[in-house]
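> Give me a 3D structure for the following:
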Amino acid sequence: MPLLSGRLSDQATPSLRGDLTAVPYVTNRQEIHLTEAKCCSDEADHLSRLVQNGTQSIFENDVHWARFYLVKAGLLGNARRGLWSLTPGGREARLSPEETWDLYVRIRDATRPSSLSAEEDAPAPGAAGDSEEEGRSYWFAGAVWNGNDDQLPRFLEQGIWENGDEDQFLDLVRRIRPGDQIAIKASFVKKRVPFEAGGKAVSVMRIKATGTVLDNAGDGQTVKVAWDPPTEPRDWYFYTYRTTIVEADPEAEDGRRLIDFTFRGAPQDYAWFLGQPYWLEKYGVKPETILDDTTVTPITIEDEEIAEEESPYTIEDIVADGCFLTNLELAEILDRWRSKMNLILQGPPGTGKTWLAKRLGFALAGSNDRETARSRLRVVQFHPSLAYEDFVRGWRPAGDGRLELVDGILMQAIQAAESEPDRPFVLVIEEINRGNPAQIFGEMLTLLEVSKRRRSEAIELAYRKEPGERVHVPANLYVIGTMNVADRSLAIVDLALRRRFAFIDLEPRFGNPWRAWCAHRGIESTLLTEIENRIGVLNTEISAAISLGPQFRIGHSYVTPDTDAPIIDARAWFRARVETEIGPLLDEYWYDAPETAKAARAKLVTGLS
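Residues are numbered from 1 along each chain as shown. Here you go, the predicted structure:
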């Protein structure tokens, strides 16, 4: 008599086809015995009672897990989703309740971390004849609403996961498909870690539950899940997700290791992560100095979660720091940057391009604390001597007459962004047109395009560290450049660069915000009005000059105090700015008409003694 054959229908109450002998099967709740005609009376309601808010019966959910263990034991095959077939061993098997329990324990323990001596011993994708592995997605989701309302017990009881945000992540949740695997995670940082990290706090993602998606309501809110039997939470380090719902990337080495750790019970190889350039630089610990321990460290009461020490930085902070654009204008610039991913601020000298670029980077990253500025915002300046080998990758002397292939700042930024995939990283390029962008970027200029920010668009670099190495620019790396449109020594920007960047024009910005900022630093309002008027007249003259034009106007930065220190003698301060900064610039503008430059300089300071 066969052990078990049949197929569950898609109806709420399943129909079982074939013979069901008096053979027990094990679920994540308890052991249940089925006969050909009935189940035990204390479990009869499993046949009709539904998981709350769903259409699937508890019985069907239990049978799902019976199939899981029987497949892993080699007694059932699952060549096609939903269709079960007996293996030769399954046709001969006769299991008593005790033998069924032993089977459950054996399969359960086979996937526990303690049974895996090394990461390479972990079950590989598609192991145990699981043809459903191909095309499956892996999701990591939070279960805490409003900061402290833990929904995990409810999710496990009802066999669901729900999105706690009514207007966020809806499209992402709709992408979850039946057969995908999902994990409940909590992200934080802590210092008590099972390896040496230089005393620094390390990002942690605690895996609390795992399961398989059964159905998606399609509303961006609810998916049905067959949760795995409960196990002790496990902590994963370094490559973590902080947002509510994230799809892991199995093609990334970091993502593959995370998937193996979460869904296949593999231990985490701390040495591998600490050997990667980004983590090595962040924690300053060489892999060979870490503790010789890759086992799972038990989570104890002393494992206190530490809030990440980030100082929130917003558009309002940019304005408070001295930006004279409005909140709406800044919001529009940030929205354009997020959608295009590459942005250039261009304008006349003194319009605060570099100053604003860095602060927009802080606002995009969400923080301006020291750690963010060091690890997630990089700054480089282009110049005529800069080459592809400096910016992307090239051979450099390594001592002893040897050459070493060294990554430039762009590759370092790419590696950093890939290491923390749900955090924005920013690369600021000052004077992007002062060098030769086509030469400096090389093939990376193609990869910067927003439509190519995915792994499938990866290409080989001119200098490869290993055969077949392919590189792409991740979608969480944002590039912002500055461009001085008045410098005659700069080459015209080629169309390839222009097509991949959005351009924002910055103008000399005077008016009420500028006057309020300067007045707070001790400059009287009458003098501010005079300065604004005189600079306005000068800019009109510059714009009308045949040899110059609007791009040569004088920006507000030339006449804006640099520090919070009060200006004691405002008139002397303004004259000094004219004599040492604005005047020499005018001499350069009218290098072939020095009398014009001299007259323009005099108009700025006449009568201000």
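> From here on, just use CA atoms for contacts and neighbour counts.
Noted.
> What backbone torsions are found at the most centrally placed residue in the chain?
By Cα atoms, centre = their mean, the chain has its centre lying nearest to D422, at 2.0 Å. Torsion angles at D422 (phi, psi; degrees, to the nearest 10) stand at phi -110, psi 20.
> what about the residue nearest to it when sequence neighbours are not counted, is that helix, strand or coil?
Spatially, and ignoring its direct neighbours in sequence, D422 is nearest to Y241 (6.0 Å; Cα to Cα, 6 or more residues apart in numbering). At Y241 the chain is in coil, as set by DSSP: H, G, I helix; E, B strand; the rest coil.
> For the stretch 201-350 of the chain, which segments count as strands?
202-216, 222-227, 234-237, 245-247, 342-347 (DSSP state E, counting those that start in this stretch).
> Starting from the first one, tell me which strands it pairs with and how they run.
In other words, strand 202-216. Sheet pairing of strand 202-216 (DSSP bridges) gives strand 181-190 (antiparallel), strand 222-227 (antiparallel), strand 234-237 (antiparallel).
> just the last one next, same as before
Applying DSSP bridges, strand 342-347 is found paired with strand 477-484 (parallel), strand 502-505 (parallel).
> and of those strands, who's closest to Y278?
strand 477-484 (14.3 Å; Cα to Cα).
> Show me what secondary structure element comes after the closest one.
helix 495-500 (DSSP states H and E).
> May I see the buried residues of that following helix?
L497, R500 (16 or more other Cα atoms under 10 Å).
> what's the answer for stretch 410-426, then?
Going by 16+ other Cα under 10 Å, stretch 410-426 has these buried residues: 410-426.
> Kindly reformat the strands of the stretch 201-350 of the chain as CSV containing mean pLDDT, distance to V380 and mean neighbour count.
Shown next, in CSV, are the strands of the stretch 201-350 of the chain (pLDDT from 0 to 100; distance: least, Cα to Cα, whole Å; neighbours: other Cα atoms under 10 Å):
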stretch, mean pLDDT, distance to V380, mean neighbour count
strand 202-216, 96, 27, 21
strand 222-227, 96, 45, 24
strand 234-237, 96, 30, 21
strand 245-247, 95, 31, 19
strand 342-347, 96, 14, 24
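> can you put those in JSON lines and add distance to E92?
Converted to JSON lines, the strands of the stretch 201-350 of the chain look like this (distance: least, Cα to Cα, whole Å):
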{"stretch": "strand 202-216", "distance to E92": "29"}
{"stretch": "strand 222-227", "distance to E92": "29"}
{"stretch": "strand 234-237", "distance to E92": "38"}
{"stretch": "strand 245-247", "distance to E92": "41"}
{"stretch": "strand 342-347", "distance to E92": "64"}
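> Show me the one of these that comes nearest L325.
Here strand 342-347 is closest among those (Cα to Cα), at 13.3 Å.
> List the first helix or strand encountered after that closest one toward the C-terminus.
helix 353-365.
> quick one: buried residues of that following helix?
K353, T354, L356, A357, K358, R359, L360, G361, F362, A363, L364, A365.
> Packing partners of that helix?
Contact here means 3 or more Cα pairs under 8 Å, 6 or more residues apart in numbering; DSSP states H and E; on that basis helix 353-365 packs against helix 315-320, strand 342-347, strand 425-430, strand 477-484.
> Pull out the CA atoms of it and give them to me as CSV.
Output in CSV follows, covering the C-alpha atoms of helix 353-365 (Å, rounded to 0.1, in the frame of the first residue of the first chain):
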residue,chain,number,x,y,z
LYS,A,353,28.1,74.4,-6.3
THR,A,354,30.5,72.3,-4.3
TRP,A,355,29.0,73.4,-1.0
LEU,A,356,25.5,72.4,-2.1
ALA,A,357,26.7,69.2,-3.7
LYS,A,358,28.0,67.8,-0.4
ARG,A,359,25.0,68.8,1.5
LEU,A,360,22.6,67.3,-1.0
GLY,A,361,24.7,64.2,-0.6
PHE,A,362,24.1,64.3,3.2
ALA,A,363,20.4,64.7,2.6
LEU,A,364,20.3,61.8,0.2
ALA,A,365,22.2,59.6,2.6
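> what sits against D171?
G220 (Cα atoms under 8 Å, 6 or more residues apart in numbering).
> Report the separation between it and T526.
For D171, the distance to T526 (Cα to Cα, to the nearest Å) stands at 55 Å.
> do C323 as well
Distance, C323 to T526, by Cα to Cα: 22 Å.
> Check P474 too.
P474 sits 52 Å away from T526, going by Cα to Cα.
> Show me which residues of the longest helix along the chain are buried.
For the chain, the helix with the greatest residue count under DSSP state H is helix 525-544. In terms of neighbour count (16+ other Cα under 10 Å), helix 525-544 has its buried residues at L527, L528, I531, E532, R534, I535, G536, L538, N539, I542.
> Likewise for stretch 334-342?
Buried residues in stretch 334-342 (16+ other Cα under 10 Å): L334, R336, W337, R338, K340, M341, N342.
> same deal with stretch 445-464?
L445, T446, L447, L448, E449, V450, K452, R453, R455, A458, I459, L461.
> what's the average pLDDT for that stretch?
For stretch 445-464, mean pLDDT rounds to 92.
> Repeat that for stretch 590-601.
On average, the pLDDT along stretch 590-601 is 94.
> Now do the same for the residue lying closest to W395 once chain neighbours are set aside: its pLDDT.
Nearest residue to W395, sequence neighbours excluded (Cα to Cα, 6+ apart): L405, at 4.5 Å. According to the prediction, L405 has pLDDT 94.
> Contacts for the helix or strand L405 falls within, please.
Element membership for L405 (DSSP H and E) is strand 402-407. With Cα under 8 Å, 6+ apart as the test, strand 402-407 has contacts from D390, F391, V392, R393, G394, W395, R396, P397, A398, Y463, K465.
> how about a cut-off of 7 Å?
Here strand 402-407 makes contact (Cα atoms under 7 Å, 6 or more residues apart in numbering) with V392, R393, G394, W395, R396, P397, A398.
> ok, now stretch 141-148?
By Cα under 7 Å, 6+ apart, the list of residues contacting stretch 141-148 reads D150, Q151, L152, G164, A183, I184, K185, A186, T244, I245, V246.
> most neighbours, which of those residues?
When neighbours are counted by other Cα atoms under 10 Å, K185 leads the contacts of stretch 141-148 with 28 neighbours.
> Now do it against Q151, distance only.
12 Å.
> which residues are in contact with both of these two?
With Cα under 7 Å, 6+ apart, K185 and Q151 have no common neighbours.
> ends of stretch 145-154, how far apart?
12 Å.
> average model confidence for it?
So the average pLDDT for stretch 145-154 ends up being 90.
> Just the buried positions in that stretch, please.
Buried-residue list, stretch 145-154, by 16+ other Cα under 10 Å: L152.
> what does stretch 496-504 rub up against?
K340, N342, L343, I344, L345, Q346, L448, E449.
> err, stretch 413-424, not the other one
By Cα under 7 Å, 6+ apart, stretch 413-424 touches 239-243, 278, 364-365, 425, 473-474, 476-477.
> Quick check: of those, which lies closest to D269?
Distances from D269 to the contacts of stretch 413-424, taken by Cα to Cα, are shortest for Y239, at 12.0 Å.
> Distance check, that closest one against F188.
12 Å.
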